[in-house]
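Enquirer: Quick one, fold the following:
(one chain, ligands or ions: 1)
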Amino acid sequence: IQSDKGADPLDKKNMKPSTATNPENGFSQILRLVLRELNLFYSRDVNGVCLLYDLLHSPWLRALLKVYDCLQEFKEKKLVPATTHAQALSCEALLSAHDTVAQKDFEPLLPPLPDNIPESEEAMRIVCLVKNQQPLGATIKRHEMTGDILVARVIHGGLAERSGLLYAGDKLVEVNGVSVEGLDPEQVIHILAMSRGTIMFKVVPVSAPPVNSQKMVYVRAMMEYWPQEDPTIPCMDAGLPFQKGDILQIVDQNDTLWWQARKISDLGTCAGLIPSNHLLKRKQREFWWSQPYQPHTGLQSTIYKEEFVGSGQKFFIAGFRRSMRLCRRKSHLGPLRAGLCGAGGPRSALGAPYEEVVRFQRRPSDRHRLVVLVGPSGVGVNELRRQLIELNPKHFQSAVPHTTRSKKSYEMDGREYHYVSKETFESLVYSHRMLEYGEYKGHLYGTSVDAVQTVLDEGKICVMDLEPQGIQVARTQELKPYVIFIKPSNMSCMKQSRKNAKIITDYFVDMKFKDEDLQEMEDLAQKMEAQFRQFFDHVIVNDNLQDACAQLLSAVRKAQEEPQWVPATWVSLDTASG
Ligand SMILES: Nc1ncnc2c1ncn2[C@@H]1O[C@H](COP(=O)(O)OP(=O)(O)OP(=O)(O)O)[C@@H](O)[C@H]1O
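Expert: Purely as a prediction, here's the structure:
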């Protein structure tokens, strides 16, 4: 450190801004003066001054100040173009690029328009389309009275629609010079199929082309649809197959029977035909009545598991008691549920085939969404739930269930259970405040909406496991559940990963999984997925426990922090995200 004892204190007249001509008057100069001032303090050994002195002496700070001075100097210089012809040159380059593009012969060449068009055909339109790998994207039909071949519908995003030259209602006169008069639509399709390259249509335009003024609607498919298996679809090739749970963008609802839609996973493609809400309901009803009545076989399993006995944690995890879990398995078909919730048998009211959905982003100030885990008995739903809560008990919590059995000496009301009378329990059921309930050894057990809300009101994430029949009851605006399906992996993996897994049943302690148990779990998982997948927001395969737990944590975080598709009825317009 250089000391400059005896230097004058900083005086105001030296604090001039930098100039191009005298950079020494700039920041370097100020730094020099500050250093001189510090020197004085330094000599007086004032605390901390050494540090500041070193800092201001550092080469990097000096280098930075030099750069700053240079920039200041540069700012005052006037910018001049590198060449005086720059403008003229750029103009020339642009014109040259234009000429190169204009003179190029682009493929394919369209045929010249016929020059002998009679005057009476003035109202005709000649449309040339170049066939590529894609279908033309239009369907045709024969007019019942006149026999004319008409364009029945133009598919959104298809070649015909993108050309902007063909409209539903246009009358087809010729295809590639061949008159279509008297032909069947199939014969016209044959001509089209035989044509290669360019196709020329001669059409009489529809007097008022339809305008699609409908807004785009998004729906979740609540059932599956296979056009190949539907003989009533107007054009099988134009059909859009979908599965339960697919999110569809409905682009056209002009036809009351057949809508046009795309899957959101495939928005770049041309739309396809799907049955309208009305038509699908009709099909559902017809199918329903054609089925022989089968009492609900249920999802019961013989596997009854271990009660979780909080392995020495300081916190208490509610909702894992054996009675509650066994009751859930045993009596989810109880007369109360079947009668009240309509979720029991196949003859319960038919749901809507499509559910309108919107993108929903939870705001940080909003309550968390309820996290629901669903899975076949023994797959590890409770193990995963327990692990998640153990990871952060301040953030994740179970709801405290209700029971009508009496409290044991070591239990505390509101900790293991809420102990209530049978009348109170039943009034909760009748007022639809029970998400799930059942009977076990003569007592009622269940989880109430209020118990879940208590957890959510504390700013925590409530994690519960539900029988799939209970999902619909939980799907309300107030709980906005995010449903995760826990699925077993294939049999050989399960045999390996569950080698040491123990299950406690009503009658055996520490029972190992048998092959039949694993097979039953797989069958049950398939049934659950086939019946309820439309309600699953996420699926986790529970093979390796740690992986599954990490996936669960990430899914729960996404559910709370990232936009998700939720039923439109859960969200008022102002909170839906684009
Ligand atoms: N990925 C895994 N690897 C090994 N063992 C597992 C795994 N997942 C769960 N287990 C074990 O399998 C057994 C059953 O799991 P768990 O009790 O969580 O089943 P469950 O799905 O909650 O069934 P139920 O709903 O009938 O109680 C437990 O012993 C658990 O520790």
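Enquirer: Tell me how far the residue lying closest to F485 once chain neighbours are set aside lies from the ligand.
Expert: Of all residues not flanking F485 in the chain, F536 sits nearest, at 4.3 Å (C-beta to C-beta, 6 or more residues apart in numbering). For every residue, glycine as well, the C-beta is placed using N, CA and C. According to C-beta to the nearest ligand atom, to the nearest Å, F536 stands 16 Å off from the ligand.
Enquirer: repeat for I149
Expert: For I149, the distance to the ligand - C-beta to the nearest ligand atom - is 60 Å.
Enquirer: Touching, that residue and L183? I think so.
Expert: Yes. With contact defined as C-beta atoms under 8 Å, I149 counts as touching L183 (6.7 Å).
Enquirer: returning to what we had before: neighbours of the residue nearest to F485, how many?
Expert: Number of residues near F536 (other C-beta atoms under 10 Å) recorded here: 20.
Enquirer: for L55, same thing?
Expert: Neighbours of L55 (other C-beta under 10 Å): 11.
Enquirer: what does T100 give?
Expert: 9.
Enquirer: got it, and the one 5 residues further on?
Expert: The burial count assigned to D105 is 5, neighbours taken as other C-beta under 10 Å.
Enquirer: so what's it up against?
Expert: By C-beta atoms under 8 Å, 6 or more residues apart in numbering, no residues touch D105.
Enquirer: Also W226?
Expert: By C-beta under 8 Å, 6+ apart, W226 lies in contact with P241.
Enquirer: I233 now?
Expert: Per C-beta under 8 Å, 6+ apart, neighbours of I233: P227, G239, W258, L273, P275.
Enquirer: you'd agree the second one is up against A271?
Expert: No. With contact taken as C-beta under 8 Å, G239 and A271 are classed as non-touching, separated by 10.8 Å.
Enquirer: Compare the two and say which one has the larger neighbour count.
Expert: Using other C-beta under 10 Å, the more surrounded residue of G239 and A271 is A271, with 25 against 20.
Enquirer: so K131 sits right up against R196, yeah?
Expert: Yes. Taking C-beta under 8 Å as the definition, K131 is a contact partner of R196 at 7.0 Å.
Enquirer: Quick check on these two: which one has the bigger neighbour count.
Expert: Comparing K131 with R196 by neighbour count (other C-beta under 10 Å), the higher total belongs to K131, at 16 against 6.
Enquirer: Now stretch 454-467: buried residues?
Expert: T454, V455, L456, K460, I461, C462, V463, M464, D465, L466, E467 (16 or more other C-beta atoms under 10 Å).
Enquirer: Sorry, slip of the keys, the one I care about is stretch 125-144.
Expert: By neighbour count with 16+ other C-beta under 10 Å, stretch 125-144 contains the buried residues I126, V127, L129, K131, P135, L136, G137, A138, T139, I140, R142.
Enquirer: same deal with stretch 383-398?
Expert: So, applying 16+ other C-beta under 10 Å, buried residues of stretch 383-398: E383, L384, R385, R386, Q387, L388, I389, F396, Q397, S398.
Enquirer: mind checking how far it is from the chain centre?
Expert: Relative to the centre of its chain, stretch 383-398 is centred 24 Å away, using C-alpha atoms, centre = their mean, to the nearest Å.
Enquirer: Now name the helix or strand holding E383.
Expert: Under the criterion of DSSP states H and E, E383 resides in helix 381-391.
Enquirer: for the record, mean pLDDT for that helix?
Expert: Mean pLDDT, helix 381-391: 93.
Enquirer: Please enumerate residues in contact with the next helix or strand after it?
Expert: Reading on from helix 381-391 to the C-terminus, the next helix or strand found by DSSP H and E is strand 396-397. For strand 396-397, the external contacting residues (C-beta under 8 Å, 6+ apart) are A318, L388, I389, V455, E458, K460, I461, C462, V463, V556.
Enquirer: Pretty sure R557 sits in a helix.
Expert: Yes. R557: assigned to a helix according to DSSP: H, G, I helix; E, B strand; the rest coil.
Enquirer: ok, R359 touching W565?
Expert: Yes. Here R359 lies in contact with W565, judged by C-beta under 8 Å, at a distance of 6.3 Å.
Enquirer: Please, where are all the helices along the stretch 451-578 of the chain?
Expert: According to DSSP state H, counting those that start in this stretch, the stretch 451-578 of the chain carries its helices in the segments 471-474, 491-497, 515-532, 545-561.
Enquirer: The shortest one packs against which elements?
Expert: So that's helix 471-474. Secondary-structure packing of helix 471-474 (3 or more C-beta pairs under 8 Å, 6 or more residues apart in numbering; DSSP states H and E): strand 371-374, strand 434-440.
Enquirer: Any stretches of the protein with poor pLDDT?
Expert: 1-27, 41-42, 44-47, 107-111, 113-122, 212-213, 287-350, 504-510, 573-578 (pLDDT under 70).
Enquirer: which bits of it sit near the ligand?
Expert: Within the chain, the positions near the ligand by C-beta under 6 Å from any ligand atom are 305-306, 325, 329, 375, 377-383, 497-498, 501-503, 542, 545, 548.
Enquirer: how near is C128 to D54?
Expert: Remark: distance between C128 and D54 (C-beta to C-beta, to the nearest Å) = 80 Å.
Enquirer: And A93, by the same measure?
Expert: Taken as C-beta to C-beta, the span from A93 to D54 is 55 Å.
Enquirer: now do H402
Expert: For H402, the distance to D54 equals 69 Å [C-beta to C-beta].
Enquirer: The two - which one has more neighbours?
Expert: A count of neighbours by other C-beta under 10 Å puts H402 above the other of H402 and D54, at 24 against 10.
Enquirer: and E224, how many neighbours?
Expert: Neighbour count for E224, taken as other C-beta under 10 Å: 14.
Enquirer: which residue sits closest to it, ignoring its sequence neighbours?
Expert: Nearest to E224 is Q243, by C-beta to C-beta, 6+ apart, at 4.9 Å.
Enquirer: Please work out how many residues are found near the one you found.
Expert: 13.
Enquirer: Need the nearest residue in space to S489, chain neighbours excluded.
Expert: In space, S489 is closest to D543, 3.9 Å off (C-beta to C-beta, 6+ apart).
Enquirer: Is it correct that D230 is in contact with L240?
Expert: No. Judged on C-beta under 8 Å, D230 makes no contact with L240 at a distance of 11.4 Å.
Enquirer: quick one: which of those two has more around it?
Expert: L240 (21 against 14).
Enquirer: For H98, grab the count of nearby residues.
Expert: 10.
Enquirer: ah, wrong one, I meant A193
Expert: 8.
Enquirer: same check, this time on the one 5 residues further on
Expert: T198 has 14 neighbours, counted by other C-beta under 10 Å.
Enquirer: Strands of the stretch 51-200 of the chain, start to end?
Expert: 125-130, 138-142, 149-154, 171-175, 178-179, 198-204 (DSSP state E, counting those that start in this stretch).
Enquirer: try the stretch 201-350 of the chain
Expert: 217-221, 247-252, 258-263, 272-275.
Enquirer: and these as TSV, adding mean neighbour count?
Expert: Formatted as TSV, the strands of the stretch 201-350 of the chain follow (neighbours: other C-beta atoms under 10 Å):
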stretch	mean neighbour count
strand 217-221	20
strand 247-252	19
strand 258-263	23
strand 272-275	24
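Enquirer: domain parsing for this structure?
Expert: 12-75, 122-204, 217-290, 322-341+351-570 (automatic domain parsing).
Enquirer: Tabulate the ones you listed in JSON lines, adding columns for distance to P112.
Expert: Below are the domains of the chain laid out as JSON lines (distance: least, C-beta to C-beta, whole Å):
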{"stretch": "domain 12-75", "distance to P112": "62"}
{"stretch": "domain 122-204", "distance to P112": "10"}
{"stretch": "domain 217-290", "distance to P112": "29"}
{"stretch": "domain 322-341+351-570", "distance to P112": "48"}
